[in-house]
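Asker: sharing a sequence plus its predicted fold:
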Amino acid sequence: MTVENAMRAMAFAAVIAATGAASVATAQPQRSMAVPMQAQAQSSTTATASGRTEILNYDNWTVTCRDGRDPKEKRVCSAEHQIFQDVGGQRRPVFVWIMGLNKDGVPATALRFLPGVQIGPGVELRFGDKAPRKVPITTCEPAVCEASTTMDDAFVREASAVLQGEAVIQASDGRAVTFTLNMKGFAQAAAAIRR
């Protein structure tokens, strides 16, 4: 399993663990971010023994939905946005944002990033001129750290209203590390996980 796939799988698991979600869609390979995406969803569907999986692309967000084999089984969707960095000729994810619904049907989010950070300050999400939102870091292991929280309607509105946001993390040496978040497609992805 590649670092990218491992980080993606851990991020999906993070939404479940941090928010108590009952189930989550299987991680699927994301198309290269270098390929331009249209504002309208691009879709692909696959059927497996465990049910049907649909992948929708909304600009910078990939939504994966899984229908179970049993028609009574609830459809489960999650959305993902990744930031990559070229390291030694390989493209690796350095920041992954996952959204899904928890077991109570409340939108929840998990942020995954590389270690070497200060735990206490958490992650600060900035959406335009709105007050920054603090997301607590819930775990930090040798390969990856995670911050997670639920998303209320105001969070979704603020994030949907901007074309660009920021995630700021304090490095262990005190420097602020800022990830620029291209928010195109966020509103559609947030709506898609609720269907």
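Answerer: All right, it came through fine.
Asker: in this structure, which ranges drop under the pLDDT threshold?
Answerer: 1-50 (pLDDT under 70).
Asker: would you map the helices across it?
Answerer: Assigned by DSSP state H, the helices in the chain fall at 3-19, 153-160, 186-192.
Asker: quick one: list the elements packing against the shortest one.
Answerer: Under the contact definition 3 or more Cβ pairs under 8 Å, 6 or more residues apart in numbering; DSSP states H and E, helix 186-192 sits against strand 51-58, strand 61-68, strand 76-87, helix 153-160. Glycine gets a C-beta too; all of them are placed from N, C-alpha and C.
Asker: including mean neighbour count and distance to residue 130, could those go into JSON lines?
Answerer: Below are the helices and strands packed on helix 186-192 laid out as JSON lines (neighbours: other Cβ atoms under 10 Å; distance: least, Cβ to Cβ, whole Å):
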{"stretch": "strand 51-58", "mean neighbour count": "19", "distance to residue 130": "22"}
{"stretch": "strand 61-68", "mean neighbour count": "22", "distance to residue 130": "20"}
{"stretch": "strand 76-87", "mean neighbour count": "19", "distance to residue 130": "19"}
{"stretch": "helix 153-160", "mean neighbour count": "16", "distance to residue 130": "5"}
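Asker: ok, which of the ones you listed comes nearest residue 179?
Answerer: Across the helices and strands packed on helix 186-192, residue 179 has its closest neighbour in strand 76-87 (5.5 Å, Cβ to Cβ).
Asker: could you check the angle that closest one makes with strand 61-68?
Answerer: Angle, strand 76-87 to strand 61-68, by axes from the mean of the first three to the mean of the last three Cα atoms, to 10 degrees: 140 degrees.
Asker: strand partners (parallel or antiparallel) of strand 76-87?
Answerer: Sheet pairing for strand 76-87, assigned by DSSP bridges, gives strand 61-68 (antiparallel), strand 90-101 (antiparallel).
Asker: output those strands in TSV; the columns should cover distance to residue 164.
Answerer: TSV is the format used below for the strands paired with strand 76-87 (distance: least, Cβ to Cβ, whole Å):
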stretch	distance to residue 164
strand 61-68	14
strand 90-101	14
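Asker: so for residue 169, which of those sits nearest?
Answerer: Using Cβ to Cβ, the strands paired with strand 76-87 put strand 90-101 closest to residue 169, at 8.7 Å.
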